[in-house]
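A.B. asks: this one's sequence-less:
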């Protein structure tokens, strides 16, 4: 198989001169609009462009523009939020702005085909953070000062690699590697191939960067402007594992085939998949994703307690509909099961076990008591009906209690082609990361 030419990837990832010129015009337009509004608010100390555009690490055809509205540090949080929203809405009123939420609300609008994020932050000294976004201007300046022009292309190459394995993006829906995490990896290791080499051989608890703090994560990626912050804390364990496997696969087979993650095996065992579908009320998509992920975790926990084995799972949120897909070992369980009791040498425990059980009890070959018990639920439909109609007891977040009343359950054999498309990740493996070793 032909080895990959990294320079070819760089050429594909690097924006053209024409694209750079177009983005620059859009940025100038947006800055003018926001500056005009910001000047009316004395609590605002300035505005600043950040993110991958300002650092020069943005990918061709995919640059978002982050504009940070910087507030004096003595502004109360409620006023900080209120004023930033007013500035954003007034400045971008002709572009249908809307709100999203991280630690606090920020505005998004599309201008000239480019996504603009208007994010408030406090104008504070390094290390004296008052909100999560306060670090961002320092992130921008750090990368501007330390990344060489060639390393910026290496960042783009790494971002494309992460995208190909669906592990790029810091949104709660994906819990992948942020652009800043990719930049930090390049800064630490020097280039794309060095990142691949080091991640492929990383050990459990490996630390990238310098910190005196111990973090309870599979690996640690230290924020270079805040050594007490771990960038890997926001990345799911699964995505870290996929990155490690993808790096190993690429080392073994450094081809475009592996870089682009072309290989995927599929199956069509729809008879073991169930879909929970319900409508959600109009709220921030980030909030909906967070609540839905907590709902999935609660359902998996309850199903496990009742011996239903979830092999894989997937969430799809489209418009006002939430889809939770569960791929199960079986939809049905036997009516009875064996409960393990104590050793016969534990007198009090055996007495209690016998007193509490009215079904058949016997002694096993390893000198423990066993008994037969009837299952409370033998069908996946029965137990999900119980859990979804009793959301508090099931551990489902309160924010979805009303929404989940609209649920329907559908077995995979009744899925139409559109639903199968939504659930497609359940039917495929993890591509080249697990097939090229």
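C.D. replies: Received the coordinates, thanks. Predicted model, so just to flag it, every value in this text is computed and none were measured. Residues are numbered from 1 along each chain as shown.
A.B. asks: Look up phi and psi at the closest residue to residue 36 other than its chain neighbours.
C.D. replies: Setting aside the residues directly before and after it, residue 36 is nearest to residue 91 in space (C-beta to C-beta, 6 or more residues apart in numbering), at 7.0 Å. The C-beta positions use only the backbone N, C-alpha and C, and glycine is treated the same way. Per-residue torsions, residue 91: phi -70, psi -40 (degrees, to the nearest 10).
A.B. asks: Pretty sure residue 91 sits against residue 31.
C.D. replies: No. Applying C-beta atoms under 8 Å as the test, residue 91 and residue 31 come out as separate, 9.6 Å apart.
A.B. asks: Could you confirm residue 35 falls within a helix?
C.D. replies: Yes. The secondary structure assignment for residue 35 places it in a helix, going by DSSP: H, G, I helix; E, B strand; the rest coil.
A.B. asks: and it, how many neighbours?
C.D. replies: 16 (other C-beta atoms under 10 Å).
A.B. asks: you'd agree it is up against residue 47?
C.D. replies: Yes. Judged on C-beta under 8 Å, residue 35 makes contact with residue 47 at a distance of 6.0 Å.
A.B. asks: ok, now how distant is residue 282 from residue 320?
C.D. replies: 8 Å (C-beta to C-beta, to the nearest Å).
A.B. asks: Tell me which of these two has more neighbours.
C.D. replies: Set residue 282 next to residue 320 and count neighbours by other C-beta under 10 Å: residue 320 wins out with 12 against 6.
A.B. asks: Check that one and give its pLDDT.
C.D. replies: Here the pLDDT value assigned to residue 320 is 90.
A.B. asks: Am I right that it is in contact with residue 278?
C.D. replies: No. Under the contact definition of C-beta under 8 Å, residue 320 does not touch residue 278, with a separation of 9.7 Å.
A.B. asks: Distance-wise, check the closest residue in space to residue 58 that isn't next to it in sequence relative to residue 160.
C.D. replies: Spatial nearest neighbour of residue 58, excluding adjacent residues (C-beta to C-beta, 6+ apart): residue 52 at 4.0 Å. Distance, residue 52 to residue 160, using C-beta to C-beta: 13 Å.
A.B. asks: so what's in contact with these two at the same time?
C.D. replies: Applying C-beta atoms under 8 Å, 6 or more residues apart in numbering, one finds that residue 52 and residue 160 are jointly contacted by residue 59.
A.B. asks: more crowded one of these two?
C.D. replies: When residue 52 and residue 160 are compared on other C-beta under 10 Å, the one with more neighbours turns out to be residue 52, at 25 against 21.
A.B. asks: SS state for that one?
C.D. replies: helix.
A.B. asks: For it, give me its contacts.
C.D. replies: Residues near residue 52 by C-beta under 8 Å, 6+ apart: 58-59, 63-64, 179.
A.B. asks: ok, so of those, who is nearest residue 109?
C.D. replies: The shortest approach to residue 109 among the contacts of residue 52 belongs to residue 64, at 11.1 Å (C-beta to C-beta).
A.B. asks: which residues sit in contact with the closest residue in space to the closest one that isn't next to it in sequence?
C.D. replies: Counting by C-beta to C-beta, 6+ apart, the nearest residue to residue 64 once its immediate chain neighbours are dropped is residue 115, at 4.4 Å. When contacts are counted by C-beta under 8 Å, 6+ apart, residue 115 is found next to 64-65, 108-109.
A.B. asks: I'd like to know the beta-bridge partner residues of residue 115.
C.D. replies: The residues listed as beta-bridge partners of residue 115 by DSSP bridges are residue 110.
A.B. asks: For it, give me the pLDDT.
C.D. replies: On pLDDT, residue 115 comes in at 93.
A.B. asks: where's the residue nearest to residue 57 when sequence neighbours are not counted, which helix or strand?
C.D. replies: Nearest non-adjacent residue to residue 57, counting by C-beta to C-beta, 6+ apart: residue 155, 4.3 Å away. Here residue 155 is covered by helix 149-164, with elements defined by DSSP states H and E.
A.B. asks: Which strands and helices lie in contact with that helix?
C.D. replies: Secondary-structure packing of helix 149-164 (3 or more C-beta pairs under 8 Å, 6 or more residues apart in numbering; DSSP states H and E): helix 6-13, helix 179-189, helix 192-200, helix 237-252, helix 256-259.
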